[in-house]
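Visitor: quick one: sequence plus predicted model below, questions after.
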Amino acid sequence: MFSPNGTLPNEFWPDEEGEDFQFKSILQPLEPFRKQTLVLKGVFNKIRGDGDNHMRGMSCLLTADNLLPGNIMGGGGAPAGWASGVSIDQEIKKALQARPHTKTRFGSLEFGVAVPNRADPWTRMSYLGPNQPVAPVDDPYQMFAKMYGQMKDKDSLVSILDDVKEDLQRVSKKLSARDKQMLEEHMALVRNMETELKTPVQTVAHPMPDLDPGIELVNDNAPQISRMQINLLVNALSNDMVRVATFQFMRSVGQAQMRWLGVEEGHHSLSHDPDDNKDSFSKLQKINTWFCSQFVYLAKRLSETPEPFGEGSMLDHTLLVWTNELGKGNTHTLDNIPIVMVGGGAGFKMGRSLKLDNVAHNRLWLSIAHAMGHDGLQTFGKAELCAEGPLSLT
């Protein structure tokens, strides 16, 4: 799960280390899940190069590698392009989809809440590979249709894809080598979509969730949309449609107005205010605590859902990770990026607050990949940042 624009360190990180720690105000909603929570301080995004810190914080967050050169202008006149590699969610997805016993209908699903209808390094965190951003679906009705669409709709889409494929093959003869490569990447996406559409919907163990009808995709409805999306995500996991998912709130540099919290100002503008601005500080505290409450709702729903393939709840067999593109909004630092994990699916020792020694976030993603059974992965993102191997969290 991603939330934007940094946090308030003094209201986020526990002072104590180890099992005897106290949640600060922002993480207070996690109290019911204390024994299943792992808070990591000292995880750094060490990716530098093209772009500004918001761009690198967002598009290098899950890819852990440099942005490609490009002409998308960042803050301070620092242009960049898309990410140069695959994101960790898609890397794990590929590994799981390659094995018959872990292959699922979709492989991964990308959920969004109030993600704007634009595509740039500030709005995308998942990548299939270099220059291949994955757009989150922020319309719960669209996500529901994707999960449970009628067969006649699927047949129509397959027919359309066949037509597009033939057109693209004809055009390819006239393209340069670089454009042919881009076309081949697009065709791979088309083939993946065809496979998804032709895969029959399995009989579901858990019934389809009821969606509130007629909820408009507008800023003020974000709380309702969030709950609808979380319910769909839990349903997808419980019916084994997917084993990897991302959940993105808004975007980096996002100006969402959280009027349901009594906050009229845009989130990004507030995050730039100095620490001694008590009014802005209080509002940012409310905003980040609300994001935590959504994370907790996801944990709660999983804890209430029986594990369909084993004992206990789904939370016992799932790892949730909440993160952010910045450590602190008004400094734009990529140091101490917020990392909170909840669950039991990775085999990590939970119920702790850890203070790490400025470790690269590449090593954290490597640890999670290994925990998900992708232990053949030796490096992730920038290889030199993985020299010390995965973090030991057991």
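Guide: Yes, it's here.

Visitor: tell me the secondary structure at the residue nearest to residue 391 when sequence neighbours are not counted.
Guide: Distances taken as Cβ to Cβ, 6 or more residues apart in numbering place residue 367 nearest to residue 391, at 4.5 Å, with adjacent residues excluded. (C-beta placed from N, C-alpha, C; glycine too.) Classification of residue 367 using DSSP: H, G, I helix; E, B strand; the rest coil returns helix.

Visitor: count of neighbours near residue 367?
Guide: 19 (other Cβ atoms under 10 Å).

Visitor: please tell me how far it sits from residue 361.
Guide: The gap separating residue 367 from residue 361 is 10 Å, by Cβ to Cβ, to the nearest Å.

Visitor: residue 91 now?
Guide: Noted for residue 91: a distance of 14 Å to residue 361, by Cβ to Cβ.

Visitor: quick one, what contacts residue 273?
Guide: Residue 273 sits next to 280-281, 330 when contact means Cβ atoms under 8 Å, 6 or more residues apart in numbering.

Visitor: kindly indicate the member of the residues you listed with the most neighbours.
Guide: Most neighbours among the contacts of residue 273, by other Cβ under 10 Å: residue 280, with 20 neighbours.

Visitor: for it, give me phi and psi.
Guide: Per-residue torsions, residue 280: phi -70, psi -40 (degrees, to the nearest 10).

Visitor: go ahead and confirm it touches residue 267.
Guide: No - using Cβ atoms under 8 Å, residue 280 is not in contact with residue 267; the gap is 10.7 Å.

Visitor: before we move on, the earlier item: with the contacts of residue 273 in mind, which one is nearest to residue 271?
Guide: Distance to residue 271 across the contacts of residue 273 (Cβ to Cβ) is lowest for residue 330, with 6.3 Å.

Visitor: got the contact list for the residue nearest the centre of the chain?
Guide: By Cα atoms, centre = their mean, the mean C-alpha position of the chain lies nearest to residue 246, the distance being 3.5 Å. Residue 246 makes contacts with 1-2, 62, 89, 108-111, 125-126, 136, as judged by Cβ under 8 Å, 6+ apart.

Visitor: so how far is residue 358 from it?
Guide: 26 Å.

Visitor: for residue 108, name its beta-bridge partners.
Guide: residue 244 (DSSP bridges).

Visitor: and the gap between it and residue 62?
Guide: Going from residue 108 to residue 62 by Cβ to Cβ gives 12 Å.

Visitor: give the residues shared as contacts by those two.
Guide: With Cβ under 8 Å, 6+ apart as the test, residue 108 and residue 62 both reach 89, 126, 246.

Visitor: the second one and residue 110 touch, don't they?
Guide: Yes - distance between residue 126 and residue 110: 5.5 Å, which falls inside the contact criterion (Cβ under 8 Å).

Visitor: intersection of neighbour lists for those two?
Guide: Shared contacts of residue 126 and residue 110, defined by Cβ under 8 Å, 6+ apart, are found at 134, 136, 246.

Visitor: count of residues packed around the second one?
Guide: Applying other Cβ under 10 Å, we find 24 other residues in the vicinity of residue 136.

Visitor: find the nearest non-adjacent residue to it, please.
Guide: Residue 136 sits nearest to residue 112 (Cβ to Cβ, 6+ apart), 3.3 Å away.
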